[in-house]
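# Sharing a sequence plus its predicted fold:
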Amino acid sequence: MLKRFFASIAFLLAATTANADLQIEITGGINEGHKIAVYPFTQNPAVKLDVASVVSADLMRSGKFSPIASSALPQGAVANGSITNLDAVAATGAEVAVSGIVNEVGANTYNVEFVVTGLQGANKGKVLAHFKGNSSVATMRQAAHRVSDRVYEVFTGQKGCFRTRIAYVVYKKGATFPYQLMTADYDGYNETPIVKSTQPVMTPAWSPDGKRLAYVSFEKRTPAIFVQDIYSKKRTKLSSFSGLNSSPSWSPDGTKIAMTLSKDGQPDIYYYDLNASKFVRVTANRAIDTEPTWAADSKALFFTSERGGKAQIYKFDFATSKTERVTYQGARNLSAKSIPGTNSLIVITQVNGFRVARVDADGSIYMLTTSSLDESPSVAPNGSMVIYSTVYQGRKGLALVSADGRFKANLPSSSGEISAPAWGPLLSK
């Protein structure tokens, strides 16, 4: 389950944790991934969180797994956190089983141990993974996400991203501080307000170390770009030129922040060099260039431009100083984001409305959503999922889709409207 995102002095910096629910409504793909049996962990009664339920939900949302319903799992097949009846569990069609135990090892300290056991073919009965680590009750959800990360990596060879965080903007009409920049675990828990304002807050972007956010503020009634440390609450004004200051985007190597500025006339792409403390202009064209985003190697910038007549995605290569058009299909293509580990992009494309799509290296476009008012896509750091803003049942909220289009879910909010999601980086530990 996800949490409800809600809104709230121009830029009062807050340290409290929000606590409200937002319901995930799955709309497709739950039966298309690899079958996996996640058994309830044997848990100390003091641990109220159902670790296995968190793990099962994580794996399902990745689009790569189809966890078997707990009611369909053979009973009596697990003892002390280990599978004891392989044949019964294998008969469900699951490829692997996850089982575990949570034991108290000290004052508010619990050891979370789990095993991934093969169920089919040559892997039947083999321990494919065995991990353990300590956690407090307060960090047990993160421990559960760590289990999910390990299982995902063992099965796919890629790092899981279930311990990552997201940032997003909430608008609550009529509130004292209607605009709020929030962060939360990827599944909406542990929400923390970073900024509250009476004026709009827009387009948050994470630093590669996950410690800072760049965002646009209208607190002085004109746009300005700030960088804020989410732990110390210290913030620095990056740009407040006359005209447009928008769309900050951190380079993966952490040395630059790209943005759109109109300080020299037409909106163009610039970046701020954090080491040299200076702005560098990237584009100088008689057309609107906006929405910069970095290639994974920090050696190129993708951006949206109308230089060809209608908005399409272009790429600027720093080594050659050349710009090339990337997208040709679709009436318009906007808001490009690189998919880590691939040569593909996620975009918003205009086809029967505005929808999330994947653009592959050959320029072909694969539609990922069927809604018509999608915007602001952000890609998980392992490339497996996309979070974006859409309109669902008349209200703006967030939604998830796997990068292969298998899994889909809406995240409607019962309080306020949510937009501009940004997926944070992988945690190093």
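Received, thanks.
# Let's test this: mean pLDDT of stretch 314-322, rounded?
Averaging pLDDT along stretch 314-322 gives 96.
# Kindly report the same for stretch 295-311.
Mean predicted confidence for stretch 295-311 is 93.
# for stretch 241-257, same thing?
Averaged across stretch 241-257, pLDDT comes to 96.
# Enumerate the positions of it that are buried.
241, 244, 245, 246, 247, 248, 249, 250, 251, 252, 256, 257 (16 or more other C-beta atoms under 10 Å). (Each C-beta comes from the backbone N, C-alpha and C, glycine too.)
# Just the residues contacting that stretch, thanks.
Stretch 241-257 has contacts (C-beta atoms under 8 Å, 6 or more residues apart in numbering) with 202-203, 205-209, 214-216, 223-225, 227, 238-239, 258-263, 267, 271-275, 290-294, 296-298.
# out of those residues, which are inside strands?
Secondary structure assignment by DSSP state E places 202-203, 205-206, 214-216, 224-225, 227, 238-239, 258-261, 271-273, 290-294 of those in strands.
# still on that earlier bit, identify the farthest-apart pair in the buried residues of stretch 241-257.
For the buried residues of stretch 241-257, the farthest-apart pair by C-beta to C-beta is 241 and 252; their separation is 25.5 Å.
# Pipe the buried residues of stretch 241-257 into CSV and attach secondary structure and distance to residue 401 per row.
Output for the buried residues of stretch 241-257, formatted as CSV (DSSP: H, G, I helix; E, B strand; the rest coil; distance: C-beta to C-beta, whole Å):
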residue, secondary structure, distance to residue 401
241, coil, 36
244, coil, 30
245, strand, 30
246, strand, 25
247, strand, 22
248, strand, 24
249, strand, 21
250, strand, 23
251, coil, 26
252, coil, 23
256, strand, 29
257, strand, 27
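# For these, could you give me TSV that also reports distance to residue 140?
Shown next, in TSV, are the buried residues of stretch 241-257 (distance: C-beta to C-beta, whole Å):
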residue	distance to residue 140
241	47
244	45
245	42
246	40
247	38
248	35
249	34
250	31
251	35
252	32
256	38
257	36
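# Regarding the closest residue to residue 67 other than its chain neighbours, what is its secondary structure?
Spatial nearest neighbour of residue 67, excluding adjacent residues (C-beta to C-beta, 6 or more residues apart in numbering): residue 56 at 4.3 Å. Classification of residue 56 using DSSP: H, G, I helix; E, B strand; the rest coil returns helix.
# Neighbours of residue 56, how many?
Applying other C-beta atoms under 10 Å, we find 24 residues neighbouring residue 56.
# for it, what are its contacts?
Residue 56 sits in contact with 38, 67, 70, where contact means C-beta under 8 Å, 6+ apart.
# and the gap between the second one and residue 93?
When C-beta to C-beta, to the nearest Å is applied, the distance between residue 67 and residue 93 equals 12 Å.
# For those two, list the residues in contact with both.
By C-beta under 8 Å, 6+ apart, the residues touching both residue 67 and residue 93 are residue 35.
# and those two? which has more neighbours close in?
A direct count of neighbours by other C-beta under 10 Å for residue 67 and residue 93 places residue 67 higher, at 23 against 12.
# quick one: the more buried one and residue 61 touch, right?
No - counting by C-beta atoms under 8 Å, residue 67 does not reach residue 61; the two are 10.3 Å apart.
# circling back: measure the residue nearest to residue 67 to residue 144 for me?
10 Å.
# Repeat that for residue 363.
With distances taken as C-beta to C-beta, residue 363 is found 40 Å from residue 144.
# higher neighbour count, these two?
Using other C-beta under 10 Å as the criterion, residue 363 and residue 144 rank with residue 144 on top: 28 against 11.
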